[in-house]
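Engineer: got a predicted model here, sequence first, then my questions.
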Amino acid sequence: NNENVETLTAELLNYLVLCPREHRVDICTRVLRVVEKYSPDDRWRVDTLITMLTIAGRECNREVLNFAIVYISRANEELRTYATHKLLKAIRDDDGTQKGLLVVGIWCIGEYGDLILKDYNYVPPPSSNADNSNANEEPVHISFMALDPTTVVKTVEDVTKRHTCPEEVQELALTCFAKLNDRFATIADEQTVKKLNNLVKKHKGSHSLELQLRSCEYTALISVAKGNVAQEDVTGESTAQDVIAAAKEALSRMPVVDLAVIQRKQKLTGEYKDSDNASAVPGGKSVSSSNNKSNEAAEPNLLDLNDIFGAAPTPAPAAETSIKKPIAKQNGTTKTEKQPEPPKAQSDLDLLSDIFSAPAAPAPPV
């Protein structure tokens, strides 16, 4: 519930550091759902997601990365500044192996890079605990120093220079450079702006078609946004000013994502599915398939935090049955062949039951 979500999520993140890598994908996805449903405020949600990216960024799937970006983009400007500062620091401390951290961090730097050019200070309000257990504790003061445009550009450039940098991150970095060229046009010095132009043009002869295409298109957009409009760029009833405005809009910040649109899309396409083919939408309840509706009353809810570390009894396994299928007659007798019953879908047990429970004993031979 909302009262113990912070404590239990902290335990999950601590376990995420030590657990085997093959379990991290599932834990990250489930932490996302828990955070989405029980988060006390936006700041705690963003903090938790960034912490998870620094721990298991290479194991986070696209679903987790998308929702991390959505939550940051929907926050206010103060929280965007905090998230971008924290992500940039995490990228500088990382060795380049946490791909998810790089994806979310570089996206935020490209969108909100101008916000981290000034100092950031935040003092959390005093906690209102009923037992006044933390009444004498001073709130933690959070502060980040202002960065200069050259440092911001160099941080992203250093990521792309690593030989282990994935092509997807290279593509995002190219978009980031194009966005920063627009953000820093009137802020940075001439040398930094020239460097950004060169970084955008760097892949015009790349062997990767996507990098080559982005490099050429972003170079053209930057040129047009600065007022360099060729006659062939003006078509139909549009004017040169319309073309310049369109180029500036393409390089401006992304509009805020409407969660209602995502919810409707996920309900229709079933993109947000758990291990039991149940769909969960941001800001709403999980939507299970019709085959699992009859089991909801008897089985504990996956998102019920009271059952995460509890010792809820595991339902007894059903008796093994077999289906006899007649086969061809041999020597006047009909033989039957036993076929195992199709396996049933796994039920929604508590959050970590499949990780902490002991492996099932092998079935006795028939």
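Structural biologist: Thanks, I have it.
Engineer: mind checking the pLDDT average for stretch 269-277?
Structural biologist: Across stretch 269-277, pLDDT averages out at 52.
Engineer: in which helix or strand does the nearest residue to residue 115 once chain neighbours are set aside reside?
Structural biologist: Computed as Cβ to Cβ, 6 or more residues apart in numbering, the closest residue to residue 115 that is not its neighbour in sequence is residue 81, at 4.3 Å. Any C-beta I mention is one placed from the backbone N, CA and C, and that applies to glycine too. If you go by DSSP states H and E, residue 81 is part of helix 77-93.
Engineer: and the angle from the next helix or strand after that helix to helix 77-93?
Structural biologist: Toward the C-terminus, helix 77-93 is succeeded by helix 99-112 as the next helix or strand (DSSP H and E). Angle, helix 99-112 to helix 77-93, by axes from the mean of the first three to the mean of the last three Cα atoms, to 10 degrees: 130 degrees.
Engineer: list the contacts for the closest residue to residue 78 other than its chain neighbours?
Structural biologist: Among residues not flanking residue 78 along the chain, residue 122 sits closest, at 7.5 Å (Cβ to Cβ, 6+ apart). Contacts were defined as Cβ atoms under 8 Å, 6 or more residues apart in numbering; by that measure residue 122 touches 78, 82, 141-143.
Engineer: check residue 122 and give its pLDDT.
Structural biologist: We have a pLDDT of 89 for residue 122.
Engineer: what sits opposite it in the beta ladder?
Structural biologist: Beta-bridge pairing for residue 122 (DSSP bridges): residue 142.
Engineer: distance of it relative to residue 85?
Structural biologist: Applying Cβ to Cβ, to the nearest Å, the value for residue 122 to residue 85 is 10 Å.
Engineer: so which bits of the helix or strand hosting residue 212 are buried?
Structural biologist: Using DSSP H and E, residue 212 maps to helix 209-225. The neighbour-count check on helix 209-225 (16 or more other Cβ atoms under 10 Å) flags 211, 214-215, 218-219, 221-222, 224-225 as buried.
Engineer: pLDDT below threshold where in the stretch 151-300 of the chain?
Structural biologist: Counting by pLDDT under 70, the stretch 151-300 of the chain contains low-confidence residues at 231-233, 236-237, 263, 266, 270-300.
Engineer: so for stretch 146-157, what gets flagged as buried?
Structural biologist: Buried, per 16+ other Cβ under 10 Å, within stretch 146-157: 147, 149, 152-153, 155-157.
Engineer: just the ones of those in helices?
Structural biologist: If you go by DSSP state H, those have 149, 152-153, 155-157 in helices.
Engineer: could you pull out the helices for the protein?
Structural biologist: Assigned helices in the chain, in chain order: 5-18, 21-38, 42-56, 62-73, 77-93, 99-112, 149-161, 167-183, 190-201, 209-225, 240-251, 259-269, 353-356 (criterion: DSSP H).
Engineer: show me what the longest one is packed against.
Structural biologist: Counting contacts by 3 or more Cβ pairs under 8 Å, 6 or more residues apart in numbering; DSSP states H and E, helix 21-38 is packed against helix 5-18, helix 42-56, helix 62-73, helix 353-356.
Engineer: could you do the third one as well?
Structural biologist: For helix 42-56, the packing partners by 3+ Cβ pairs under 8 Å, 6+ apart come out as helix 5-18, helix 21-38, helix 62-73, helix 77-93, helix 99-112.
Engineer: deepest of those, which one?
Structural biologist: helix 99-112 (a mean of 25; mean count of other Cβ atoms under 10 Å).
Engineer: the inter-axis angle of that one versus helix 149-161?
Structural biologist: Going by the same axes, to 10 degrees, helix 99-112 makes 150 degrees with helix 149-161.
Engineer: does residue 60 touch residue 28 like I think?
Structural biologist: Yes - with contact defined as Cβ atoms under 8 Å, residue 60 reaches residue 28; the gap is 4.9 Å.
Engineer: name the residues contacting each of these two.
Structural biologist: Common neighbours of residue 60 and residue 28, using Cβ under 8 Å, 6+ apart, are residue 52.
Engineer: how about the buried residues of stretch 146-157 in CSV, adding distance to residue 190?
Structural biologist: CSV is the format used below for the buried residues of stretch 146-157 (distance: Cβ to Cβ, whole Å):
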residue, distance to residue 190
147, 19
149, 11
152, 16
153, 13
155, 20
156, 19
157, 18
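Engineer: closest one to residue 262 out of the residues you listed, please.
Structural biologist: Lowest distance from residue 262 to these (Cβ to Cβ) belongs to residue 156, with 27.7 Å.
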